[in-house]
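> structural data only, the sequence is not supplied:
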């Protein structure tokens, strides 16, 4: 009997956001194919009801096989990480253009209905982010272009590729600019983790090991907004279903400094720790926040999970991971 369910490819589905998105699509009744270059035992989540494939999507033949028979394609595949990784691996970040280019070519040739690309707030010029309290980033501020070196240029180039594939070939493309997505079942150590996970890990390790201090990269006064994974997945689905063919910010507009984020995690953990500031560590831009005017206009929706609520869930999960890794807890 043929399967008439809608089908979706989640490229990079062994990663943090992709794993959560695959779960959401399965819950909606989709037939889901998850493709990632990592061995399955290194995936953050493995869904038995999905078709799980290990393949390198930077290769055109692999991209063609991945999109075959799919109605929708969600590209979350990229070689990336937190600020420490992207500042030290610019060429590796930019090579991700091969993944998106080949997925677009394969999707065009296979007659895919809709294509989603996960872009980043790193497409915005540093001049708009030079102080902790500058105005939130509006979508049109991506031009004139001067994005984050390496990673940001890759994302902006791929945004343009999506636009031109829509214009030239009629492929319906949708683009979201992610703003610091965090939550359970993501990278929390090893150098690719982002600030929320790194701070949760440092506080959890201090609590578990009875330490009284943690290291903070920079002076702690750099500011960010952080977006909980549930809001991210909801936003992806809404953007994909929408008629909006321009890039949209997908991020919280709840701005905090890193010091305030540490305060919150310590409060959640019930701890009080001394801070050692490493002023030579990678810090990224000085301030970044999402302007959600356009997404509200286009979708009648914007991220709404509070930082306190999201960080409580994230800390609880990372605390367990740190305990398991240090053999203080049994899995």
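Alright, I've got the coordinates. Worth saying up front: this structure is predicted, and the values here are computed from it rather than measured.

> and the helices in the stretch 101-250 of the chain, which stretches?
151-169, 195-208, 229-241 (DSSP state H, counting those that start in this stretch).

> return the most buried member of those helices.
The highest mean neighbour count among the helices of the stretch 101-250 of the chain, using mean count of other CB atoms under 10 Å, belongs to helix 195-208: a mean of 22. (C-beta placed from N, C-alpha, C; glycine too.)

> so how far is residue 277 from residue 266?
15 Å (CB to CB, to the nearest Å).

> for residue 171, same thing?
48 Å.

> the two: which has the busier surroundings?
residue 171 (21 against 15; other CB atoms under 10 Å).

> tell me the contacts of the more buried one?
104, 107-108, 112, 115, 165 (CB atoms under 8 Å, 6 or more residues apart in numbering).

> export those as a markdown table, with columns for pLDDT and distance to residue 134.
Formatted as a markdown table, those follow (pLDDT from 0 to 100; distance: CB to CB, whole Å):
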| residue | pLDDT | distance to residue 134 |
| --- | --- | --- |
| 104 | 98 | 33 |
| 107 | 98 | 37 |
| 108 | 98 | 39 |
| 112 | 98 | 39 |
| 115 | 98 | 33 |
| 165 | 98 | 33 |
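
> now for these: which two are most distant?
112 and 165 (10.5 Å; CB to CB).

> where do the strands of the protein begin and end?
Assigned by DSSP state E, the chain shows strands spanning 7-11, 31-36, 51-54, 72-75, 114-120, 172-178, 181-182, 213-217, 223-225, 227-228, 248-250, 255-257, 274-278.

> adjacent strands (with direction) for the fifth one?
What that stands for is strand 114-120. strand 72-75 (parallel), strand 172-178 (parallel) (DSSP bridges).

> would you map out the domains in this protein?
Using automatic domain parsing, the domain parsing of the chain gives 7-182+227-250, 195-224+254-290+305-325.

> if you average pLDDT over each of the ones you listed, which is lowest?
Mean pLDDT values for the domains of the chain show the minimum at domain 195-224+254-290+305-325, a mean of 92.

> now the end-to-end length of it.
20 Å (CA to CA, to the nearest Å).

> also stretch 89-104?
Stretch 89-104: ends 24 Å apart by CA to CA.

> check stretch 55-70 too.
16 Å.

> buried residues in it, which are they?
57-58, 62-67, 70 (16 or more other CB atoms under 10 Å).

> nearest to residue 253, out of these: which one, please.
Among the buried residues of stretch 55-70, and counting by CB to CB, the member closest to residue 253 is residue 57, at 32.4 Å.

> which ones are touching residue 214?
199, 202-203, 206, 262, 273-276.

> so which of those residues is the closest to residue 15?
Taking CB to CB as the measure, residue 15 lies nearest residue 199 of the contacts of residue 214, at 20.4 Å.

> spatially nearest residue to the closest one (excluding sequence neighbours)?
residue 265 (5.2 Å; CB to CB, 6 or more residues apart in numbering).

> cheers, nothing more for now.
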